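got a structure for you, letters missing:
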């Protein structure tokens, strides 16, 4: 499934410069390095724990592995030949900002390939999930023409203590309910009321 999903990225040249955004453990990157020199591939993800798993994979030892944000890529404009993101867009707070960044970092004629699993349907369809791949080419050099306002979530701005307290309380209630339901499911036989 991974190799089929990567086909639209047109990884025909081993010298391509590729960035795998939201690359996590390097699962998709393993498919990329089948076609592209690992030294030309960068894995970017926000999770240091996921990236630690990618660093352990022998096939990815020559890849550049960095912690970063899909919505604020640490690459110059017009700097990569291929932008690939598989299974991460659903976790971005502002996907438009991430797509704008994909456009910005691509070289003229470069391809952006965003892959997402189709997780709709029954449990069986999730296990046998198919992927949806959207690929586009950069037609003009430079920054994206898409103009967006300031980021909705500015992590540098101080948090409102009241807002934090409300979120903390709601989160604690939700976590407690989840743990309660899990314990109940472990103790009470299925279909039995408590």
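Sure, I can see it. Keep in mind the model is a prediction, meaning the values are calculated, not measured. Residues are numbered from 1 along each chain as shown.

contact partners of the host helix or strand of residue 134?
Using DSSP states H and E, the element containing residue 134 is strand 131-137. For strand 131-137, the surrounding residues in contact (CB atoms under 8 Å, 6 or more residues apart in numbering) are 1, 4-9, 86, 109-118. In short, each C-beta sits where N, CA and C put it, glycine included.

pLDDT on the following helix or strand past that strand, on average?
Next in sequence after strand 131-137, counting helices and strands by DSSP H and E, comes helix 161-187. Averaging pLDDT along helix 161-187 yields 89.

any idea how far helix 161-187 is from the chain center?
27 Å (CA atoms, centre = their mean, to the nearest Å).

Let's test this: mean pLDDT of stretch 14-22, rounded?
The average of the pLDDT scores along stretch 14-22 is 97.

and the end-to-end length of it?
In stretch 14-22, first residue to last residue: 21 Å (CA to CA, to the nearest Å).

what does stretch 78-92 give?
22 Å.

and what of stretch 57-70?
Counting by CA to CA, you get 22 Å between the two ends of stretch 57-70.

Please list the residues outside that stretch that contact it.
The set of residues external to stretch 57-70 that reach it, using CB under 8 Å, 6+ apart, is 21-23, 25-26, 29-30, 33, 37-39, 41-48, 51, 54-55, 74, 85, 88-89, 92, 98, 101.
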